[in-house]
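Colleague: quick one, structure for this:
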Amino acid sequence: MSKHEATTAPGGGKVWFSVVASAGCAWRAATTADWITLVNNAWIEVGVYVQTHGDGPGNVGFMVAANDTGSARQGIVDVGGVTFTVTQDPCAYTLSTGSQNVSAGGGKAWFQIFSACG
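Modeller: Next up, the predicted model:
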């Protein structure tokens, strides 16, 4: 592999790496992380064609979902026993205000929730 790890944005995104293998050497990419989706037979970005298996050199690409779990997470993409680790921090949420005053007789209050994940 051209690299063995990546950190993705909390909002997710696309990642790819090169498989360095001799012609005739078959390989297959796999993951058990349900938030990582391997991309097969597609252009993941300009000039980068990815696949989930090959015979010789190639590129592996995948999409990473937004991390709304509240905790950092790691997932593995395995290619022939060689692992590529994906690390992702959780989405961050903030409120537009920390508190509001409401009269003793009741009333309305509002706030907005902002997310770094879009």
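Colleague: which of the residues in stretch 58-73 are buried?
Modeller: Buried residues in stretch 58-73, counting neighbours by 16 or more other Cβ atoms under 10 Å, are found at 58-62, 64-67. Yep, even glycine has a C-beta here, placed from its N, CA and C like the rest.
Colleague: how about the contacts made by Ala116?
Modeller: 10-11, 91-93 (Cβ atoms under 8 Å, 6 or more residues apart in numbering).
Colleague: got any ranges where this protein has weak pLDDT?
Modeller: Counting by pLDDT under 70, the chain contains low-confidence ranges at 2, 118.
Colleague: about what we covered before: the contacts of Ala116: which two are farthest apart?
Modeller: Of all pairs drawn from these, the greatest distance, 12.3 Å, lies between Gly11 and Tyr93 (Cβ to Cβ).
Colleague: backbone dihedrals for the residue in the chain sticking out farthest from the centre, both of them.
Modeller: Relative to the C-alpha centroid of the chain, counting by Cα atoms, centre = their mean, Gly105 is the outermost residue, at 47.8 Å. Backbone torsions of Gly105, given as degrees, to the nearest 10, read phi -80, psi 0.
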